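Chemist: next one to model:
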Amino acid sequence: MDDRASSGIGPARRATATDEAATDGPPIKRIESVFAVYEVRTDGDSVVYYGDPLVQPEQLLREVWPVFREYGYEPQFETRHGEHVVVAEPSSIGIDGIPWTNILLLGATVLSTLFAGAMWYHIDPIANPAEMWRAWPFSLAILSVLGVHEMGHYVMSRYHQVDATLPYFLPVPTLIGTMGAVIKMKGRMP
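Modeler: Coordinates of the predicted model:
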């Protein structure tokens, strides 16, 4: 059975070390010291390198990760149909579109910290919701600490070329109106 016909994978090319333009990914000679490539295929946006690993898989990924990252790909080492492959998927560092989830959670956290702050300021937010805004110093203090801390993580992730989300603020009716904030890494750390 022909794997190419059944999987929808693009045409195969015999790879050589001198074939600089074999793929959109890194040149084969940049990875041949740890992975002996004998065939390269495309699978949609991904580039699949078939070959034999010359080192352990952990060391292989450690060696090829910076090279693939330089060309805008995230590598994964797999076994497909009994063959060893390095699958290079395009990666993007940054925000794709408007982060609506982050914005909505931030808005809800502003409201929950205003509600908690109103309780601290002895304002009844249930009886008089329009007076909740007077707790803005409390809300600003809490959100500033959380925001600066999480943006520190985000900025350092971007600096080290790790794909990460913007902060997700967590609104919860607690003493301070939030459970904090988190960011999620979407890529591998160098």
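Chemist: contact partners of the strand or helix carrying Ser144?
Modeler: For Ser144, the host element (DSSP states H and E) is helix 136-159. With C-beta atoms under 8 Å, 6 or more residues apart in numbering as the test, helix 136-159 has contacts from 93-94, 109-110, 113-114, 116-117, 120-121, 163-167, 169, 176-178, 180-183, 185. (Each C-beta comes from the backbone N, C-alpha and C, glycine too.)
Chemist: can you say which of those are buried?
Modeler: 109-110, 113-114, 116-117, 163-167, 169, 176-178, 180-181, 183 (16 or more other C-beta atoms under 10 Å).
Chemist: ok, and the closest non-adjacent residue to Pro167?
Modeler: Distance criterion C-beta to C-beta, 6 or more residues apart in numbering; nearest residue to Pro167, sequence neighbours excluded, is Glu150 at 3.7 Å.
Chemist: what's around that neighbour, how many residues?
Modeler: The criterion is other C-beta atoms under 10 Å. On that basis, Glu150 has 18 neighbouring residues.
Chemist: for Asn128, see how far away it is.
Modeler: Using C-beta to C-beta, to the nearest Å, Glu150 is found at 32 Å from Asn128.
Chemist: over to Ser139?
Modeler: 17 Å.
Chemist: cool, Ile31 as well?
Modeler: 66 Å.
Chemist: so if I had to pick from these two, which one is more boxed in?
Modeler: Taking neighbours as other C-beta under 10 Å, Ile31 and Asn128 compare with Ile31 leading, 23 against 11.
Chemist: could you pull up the contacting residues of the more buried one?
Modeler: By C-beta under 8 Å, 6+ apart, the neighbours of Ile31 are Val37, Tyr49, Glu63, Val64, Val67, Val86.
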